[in-house]
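Asks: Here you go, sequence then predicted model.
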Amino acid sequence: GENVEQHPSTLSVQEGDSAVIKCTYSDSASNYFPWYKQELGKRPQLIIDIRSNVGEKKDQRIAVTLNKTAKHFSLHITETQPEDSAVYFCAASESGAGNMLTFGGGTRLMVKP
Amino acid sequence: DTAVSQTPKYLVTQMGNDKSIKCEQNLGHDTMYWYKQDSKKFLKIMFSYNNKELIINETVPNRFSPKSPDKAHLNLHINSLELGDSAVYFCASSPLEGTFRYEQYFGPGTRLTVT
């Protein structure tokens, strides 16, 4: 089955700095890679996703890159703000396999004002 | 206008009991899921279900069973609860496979505490 590794487990940045979270996956059949943000006591919320036919996707301050050859993908947050503080999860799935997401272990991002 | 809802929000029960968690989505989605988030925040898929098939994560004990009365609902039944079942359980839903839309929307979670 799929295995997703996520690093770092905690990340502390100063407001305005950039944050980068990296994930690797094991199953070359995986073709969908979402990122979720989970605030304390809340549900995971999709913030951005990327399909395997795309190398990069950007949405305002958030971008995701995918390297299929190396089987890794990354989340980039620029101009971080205190409200970006949360736990971020990467995930991978293969369409056609029930779309079941395999999550990474999460990264706790703390943005210091 | 809640997209994915779950009840109850909190559930406290004793070992050995049988309990159910309900999930409903009003997004018109065809696939629903159950995830378990443990105390270390690890999120793990338990089930994927649409009107064609149920896919079970092989690590899930058979004390757990999903039941779907209709396309908008996927309930989770747990028999003979154990201490290790304590966790937050999230329901999620996504559009029909084959529509090339894979995004999953999560419910608010049910915090289950087994004493």
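Replies: Looks like it arrived, so ask away.
Asks: Okay, now the sheet partners of the helix or strand where B:His77 lies, with direction.
Replies: Here B:His77 sits within strand B:73-78, counting by DSSP states H and E. As defined by DSSP bridges, the strand partners of strand B:73-78 come to strand B:19-25 (antiparallel), strand B:64-70 (antiparallel).
Asks: Could you tell me which residues within the last one count as buried?
Replies: If I follow you right, that is strand B:64-70. B:Phe64, B:Ser65, B:Pro66, B:Ser68 (16 or more other Cβ atoms under 10 Å in any protein chain shown). Every residue, glycine included, has its C-beta placed from N, CA and C.
Asks: Can you tell me which of those residues lies closest to chain A?
Replies: Nearest to chain A out of these is B:Pro66 (Cβ to the nearest Cβ; 12.1 Å).
Asks: any idea what A:Ile75 is structurally, helix, strand or coil?
Replies: Not quite, residue A:75 is Leu, not Ile. Assigned by DSSP: H, G, I helix; E, B strand; the rest coil, the conformation of A:Leu75 is strand.
Asks: how far away is the closest residue to it other than its chain neighbours from B:Thr110?
Replies: Of all residues not flanking A:Leu75 in the chain, A:Ile21 sits nearest, at 4.6 Å (Cβ to Cβ, 6 or more residues apart in numbering or on different chains). As judged by Cβ to Cβ, to the nearest Å, A:Ile21 and B:Thr110 stand 28 Å apart.
Asks: Equivalent analysis for A:Thr102, please.
Replies: 22 Å.
Asks: who's the closest residue to A:Gly55 other than its chain neighbours bridged to?
Replies: Nearest residue to A:Gly55, sequence neighbours excluded (Cβ to Cβ, 6+ apart): A:Leu66, at 5.8 Å. Under DSSP bridges, the beta-bridge partners of A:Leu66 are A:Phe73.
Asks: Give the buried residues for stretch B:38-55.
Replies: B:Leu43, B:Lys44, B:Ile45, B:Met46, B:Phe47, B:Ser48, B:Tyr49, B:Asn50, B:Ile55.
Asks: after the strand holding B:His77, next one along is what?
Replies: Next in sequence after strand B:73-78, counting helices and strands by DSSP H and E, comes strand B:87-94.
Asks: Against which helices or strands is the next helix or strand after that next one packed?
Replies: Once the chain leaves strand B:87-94, the next helix or strand it forms, by DSSP H and E, is strand B:105-106. Applying 3 or more Cβ pairs under 8 Å, 6 or more residues apart in numbering or on different chains; DSSP states H and E, we find strand B:105-106 packed against strand B:87-94.
Asks: May I ask which helix or strand encompasses the closest residue to chain A within chain B?
Replies: Taking Cβ to the nearest Cβ, chain A has its nearest neighbour within chain B at B:Ser48, 3.4 Å off. Following DSSP H and E, one finds B:Ser48 within strand B:43-49.
Asks: Can you tell me the strand partners of the very next helix or strand once past that strand and which way each runs?
Replies: Sequence-wise, the next helix or strand downstream of strand B:43-49 (DSSP H and E) is strand B:54-56. Within its sheet, strand B:54-56 is paired with strand B:43-49 (antiparallel), according to DSSP bridges.
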